[in-house]
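# no FASTA, just this:
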């Protein structure tokens, strides 16, 4: 289990950097994707907490199972704030069509382009 803690301590910063880079790319879509931009910030914070916890476990030689407790707490927080933290849907909420990666990451509506146009015409 200690190997997992070391791996998280080593690779989690790269995950945070990737998520924050995605967040920067979402700035171009503020008019229709502000909530998903905040979601990537929240996810980055949760990964940062795991990263910091793994370093504290290694620094203070805490039991590796402590990371399991931290992970459960983070899952609980993500579960309670599910709509804010995980608003990304792979399928259109109106017709069930598969969404493009651009629609998944940048559009708050979670609808395909056809359904989005239909609601704007009404």
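Right, received. Where do you want to start? Here the structure is a predicted model, which means the values were calculated and not measured.
# helix or strand right after whatever helix or strand residue 68 lives in?
Assigning secondary structure by DSSP states H and E places residue 68 in helix 65-80. Next along the chain after helix 65-80, taking DSSP H and E as the criterion, comes helix 82-85.
# Now do the buried residues in that next one.
Of all the residues in helix 82-85, those buried under the rule 16 or more other CB atoms under 10 Å are residue 85. No exception for glycine: its C-beta is placed from N, CA and C like everyone else's.
# can you list the residues that contact that helix?
35, 38-39, 42-43, 46, 77-78 (CB atoms under 8 Å, 6 or more residues apart in numbering).
# most neighbours, which of the residues you listed?
Highest neighbour count within these: residue 39, with 22 neighbours (other CB atoms under 10 Å).
# Specify the local secondary structure of that one.
helix (DSSP: H, G, I helix; E, B strand; the rest coil).
# which residue ranges form the helices in this protein?
Listed in chain order, the helices found in the chain under DSSP state H are 2-25, 30-59, 65-80, 82-85, 101-106, 113-121.
# Next, format those helices as JSON lines and append mean pLDDT and distance to residue 95.
Putting these into JSON lines (pLDDT from 0 to 100; distance: least, CB to CB, whole Å) gives the following:
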{"stretch": "helix 2-25", "mean pLDDT": "97", "distance to residue 95": "26"}
{"stretch": "helix 30-59", "mean pLDDT": "97", "distance to residue 95": "19"}
{"stretch": "helix 65-80", "mean pLDDT": "97", "distance to residue 95": "28"}
{"stretch": "helix 82-85", "mean pLDDT": "96", "distance to residue 95": "21"}
{"stretch": "helix 101-106", "mean pLDDT": "96", "distance to residue 95": "13"}
{"stretch": "helix 113-121", "mean pLDDT": "83", "distance to residue 95": "6"}
